[in-house]
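Student: what would the 3D arrangement of this be:
(one chain, ligands or ions: 1)
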Amino acid sequence: MKYALLTGATGGLGQAIAGALSGTGRWTVFAAGTNTEALAALEKLPRVIPVPMDVTSPDSVEAARQTVTQAVTGLDAVVNFAGLTAFSSLVEGDCVEILRKVLEVNVTGMARVNRAFFDLVRAGGGRIINCSSESGWMTPQPFSGIYAASKYATEAYNDSLRRELMYLDIPVIKIQPGAYKTRLTQRIRDEFDRTAASTRYYGKLLRNMKPLMDHELARGENPAGLVRAVLKAMESRRPRIRYRAGTGKLLFTLELMPAKCVDLIYGIFYKRK
Ligand SMILES: NC(=O)c1ccc[n+]([C@@H]2O[C@H](COP(=O)([O-])OP(=O)(O)OC[C@H]3O[C@@H](n4cnc5c(N)ncnc54)[C@H](OP(=O)(O)O)[C@@H]3O)[C@@H](O)[C@H]2O)c1
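Tutor: The predicted structure is shown next:
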């Protein structure tokens, strides 16, 4: 039997990963999150042990570490999927506070979990898997800067950690999902509406952006490909540095163009309507 700690297990993607790991019969999962109802639902899955953990709270992470330490002497994987998103101007509203909150979960929280569970990973000959996003490597679009900043930071954190831990023979792998319909993508829609209702400068721009945003957020119905990628990252004897799944074709095409050219396209496309 292998043992994993999975953060974000109460979320859309985390639940799918926890279910798949449970279904293999090869993994016992310590499934972490803060939502008590979702944690209780996870408990019904075979070999899934819910662990309350708020990644922004040192005390909560330490309590979770103690719970896991009482059950096992080592971990085969720590899989970080806890995450927050944002849709916000970078010059209006409470954008700085939103940035702080998102970084606190997506970057500091991830680092806190990996620090706390590192000795268990080392003892178990395990590996660390960090969830980034296509927003962690694509050029950010307007209003996605806060989330993108957190995921670019995740990438930098992950890559440095990989090159540090390779000296200890501990693989560090990043996952770069495209868009999948979860609470996270619903939150983008809600924050879009909030931003559109409160903006002083961007009403027309946001109205013109909406069709593209709807198109992009409607992409991922089924996270099966992503779940397969995570399982490969967890089980492969020679895991890759990164796994991508569900990358958006339109956004990927824009990435192939020079940035100035993309700026021009955004300018023309959003202003013309
Ligand atoms: N869905 C997508 O399109 C997409 C695309 C690219 C990358 N991702 C990444 O995939 C990961 C999972 O996203 P998702 O789509 O599954 O989102 P989701 O359904 O909103 O789930 C988010 C998860 O993060 C957890 N979380 C948030 N704040 C937390 C905190 N302070 N402490 C502990 N856990 C916390 C939530 O737990 P509680 O609710 O229990 O607090 C929940 O389990 C995120 O890192 C996200 O950035 C998602």
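Student: just confirm yes or no for stretch 17-29 near the ligand.
Tutor: No: applying C-beta under 6 Å from any ligand atom, one finds stretch 17-29 separated from the ligand by no less than 8.9 Å. Just so you know, the C-beta spots here come from the backbone N, C-alpha and C atoms, and that holds for glycine as well.
Student: buried set for that stretch?
Tutor: Judged by neighbour count using 16 or more other C-beta atoms under 10 Å, the buried positions of stretch 17-29 are Ile17, Ala18, Gly19, Ala20, Leu21, Ser22, Trp27, Thr28, Val29.
Student: Lys151: which of these is nearest?
Tutor: The shortest separation between Lys151 and any of those is 18.2 Å, and it belongs to Ile17 (by C-beta to C-beta).
Student: tell me if I'm right that the closest one and Asn80 touch.
Tutor: No: counting by C-beta atoms under 8 Å, Ile17 does not reach Asn80; the two are 11.3 Å apart.
Student: re the thing from before, what about the buried residues of stretch 17-29, which are in helices?
Tutor: Residues of the buried residues of stretch 17-29 located in helices (DSSP state H): Ile17, Ala18, Gly19, Ala20, Leu21, Ser22.
Student: tell me which of these is nearest to the ligand?
Tutor: Nearest to the ligand, judged by C-beta to the nearest ligand atom, of these is Ile17 at 8.9 Å.
Student: residues contacting that closest one?
Tutor: By C-beta atoms under 8 Å, 6 or more residues apart in numbering, the residues touching Ile17 are Leu6, Ala9, Val79, Phe81, Val227, Val230.
Student: so what sits opposite the nearest residue to Leu165 once chain neighbours are set aside in the bridge?
Tutor: Spatially, and ignoring its direct neighbours in sequence, Leu165 is nearest to Val172 (5.4 Å; C-beta to C-beta, 6 or more residues apart in numbering). According to DSSP bridges, Ile128 are recorded as the beta-bridge partners of Val172.
Student: helix or strand right after the helix or strand harbouring Leu231?
Tutor: If you go by DSSP states H and E, Leu231 is part of helix 224-235. The C-terminal neighbour of helix 224-235 among helices and strands, as given by DSSP H and E, is strand 242-245.
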